[in-house]
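Undergrad: Below are the sequence and a predicted model; questions follow.
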Amino acid sequence: MKILLLEDDDAIGSALRYSLEREGYEVTLVRTVREAREAVGGDPAAYSLYILDLSLPDGSGHEICREVKSRADVPVIFLTAYDDEANVVMGFDLGADDYIAKPFRLKELFARIRSVTRRYGRETGDSVIGIDGLTVSVNEARVFRDGEEVFLTAMEYRLLLIMLQNRGVVLTRSRLLEYIWDVEGDFVNDNTLTVYIKRLRDKIERDPAEPAIIKTKRGMGYYIEK
């Protein structure tokens, strides 16, 4: 997923780009309104997400939000030191999807990114995914096993979507726990994660004892083949 990050503080911008790229995102870092406009060009839909600082040397992130939202249906998160009500309201009036004030925790930012991209159906980059008789309609958040709908809980579906998003990557248990932490207040510990994985396999695998979709890398974690 391609992110345009507009942040004029070099230290914050570089650290954020590094952290986001470690999460698997492709990040373009710009520091001014002018650089942001040049990066966007005539195609704001080229980016899957915009993270915009508010106070910039040559203007405001509000300007980029207004221009992007007028031409494309893409999520925007404001990242700013200002948390006063007027700036929050103005951002949402312009179509911003979320707003996070500095200082912030990286886990909270990642959770907010996952939240807005889920709403836009862009976490996996595919609208329909098929694996070994399992069909996942990302835009509709529906799952089918050999043509029959499988009903997953919110947490089960979230786990499945995370692993689909990271196809070909072995996700450790600690990494999965980080991914499913959410600002909504859900809490999952290591033992509960084992239960969720088992229940998910029971619902989507033809033979849960010999899983063909969610596989285990002994001593490392879980993965879905690319």
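TA: Looks like it arrived, so ask away. Numbering: from 1, shown residues only.
Undergrad: May I see the buried residues of the helix or strand of the chain with the lowest mean pLDDT?
TA: Every helix and strand of the chain was ranked by mean pLDDT, DSSP states H and E. The lowest is helix 85-93, at a mean of 76. Within helix 85-93, the residues that count as buried by 16 or more other Cβ atoms under 10 Å are 87-88, 91. To be clear about C-beta, it is placed using only N, CA and C from the backbone, and glycine gets the same treatment.
Undergrad: Would you reformat these as TSV and include distance to Leu29?
TA: Converted to TSV, those look like this (distance: Cβ to Cβ, whole Å):
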residue	distance to Leu29
Asn87	22
Val88	24
Gly91	21
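Undergrad: List the residues that contact Glu156.
TA: By Cβ atoms under 8 Å, 6 or more residues apart in numbering, Glu156 lies in contact with 196, 199-200, 203.
Undergrad: where exactly do the strands run in this protein?
TA: For the chain, strands defined by DSSP state E occupy the ranges 2-6, 26-30, 49-53, 55-56, 59-60, 76-80, 98-101, 128-131, 134-137, 142-145, 148-150, 171-172, 215-217, 221-223.
Undergrad: Show me this structure divided up by domain.
TA: If you go by automatic domain parsing, the domain ranges for the chain are 2-119, 128-223.
Undergrad: Deepest-packed of these, please.
TA: domain 2-119 (a mean of 17; mean count of other Cβ atoms under 10 Å).
Undergrad: where does the protein dip in pLDDT?
TA: In the predicted model, the chain carries pLDDT under 70 at residues 82-85, 121-126, 139, 180-188.
Undergrad: Now do the end-to-end distance for stretch 37-49.
TA: End-to-end distance for stretch 37-49: 15 Å, by Cα to Cα, to the nearest Å.
Undergrad: And the furthest pair within the contacts of Glu156?
TA: Farthest pair in the contacts of Glu156 (Cβ to Cβ) is Tyr196 and Lys203. Separation: 10.8 Å.
Undergrad: what residues are up against Gly95?
TA: 65-66, 69, 76.
Undergrad: could I get those residues as JSON lines with distance to Val136?
TA: JSON lines is the format used below for those (distance: Cβ to Cβ, whole Å):
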{"residue": "Cys65", "distance to Val136": "31"}
{"residue": "Arg66", "distance to Val136": "35"}
{"residue": "Lys69", "distance to Val136": "29"}
{"residue": "Val76", "distance to Val136": "26"}
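Undergrad: Closest one of these to Leu29?
TA: Minimum distance to Leu29 across the contacts of Gly95 is 16.3 Å, recorded for Val76 (Cβ to Cβ).
Undergrad: wait, the closest one sits on Tyr50?
TA: Yes - applying Cβ atoms under 8 Å, one finds Val76 in contact with Tyr50, separated by 4.6 Å.
Undergrad: Quickly list what's touching both of these two.
TA: 65, 68.
Undergrad: export the strands of the chain to JSON lines and tack on distance to Ile162?
TA: As requested, the strands of the chain are exported to JSON lines (distance: least, Cβ to Cβ, whole Å):
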{"stretch": "strand 2-6", "distance to Ile162": "18"}
{"stretch": "strand 26-30", "distance to Ile162": "18"}
{"stretch": "strand 49-53", "distance to Ile162": "17"}
{"stretch": "strand 55-56", "distance to Ile162": "34"}
{"stretch": "strand 59-60", "distance to Ile162": "34"}
{"stretch": "strand 76-80", "distance to Ile162": "20"}
{"stretch": "strand 98-101", "distance to Ile162": "19"}
{"stretch": "strand 128-131", "distance to Ile162": "13"}
{"stretch": "strand 134-137", "distance to Ile162": "12"}
{"stretch": "strand 142-145", "distance to Ile162": "14"}
{"stretch": "strand 148-150", "distance to Ile162": "17"}
{"stretch": "strand 171-172", "distance to Ile162": "7"}
{"stretch": "strand 215-217", "distance to Ile162": "15"}
{"stretch": "strand 221-223", "distance to Ile162": "10"}
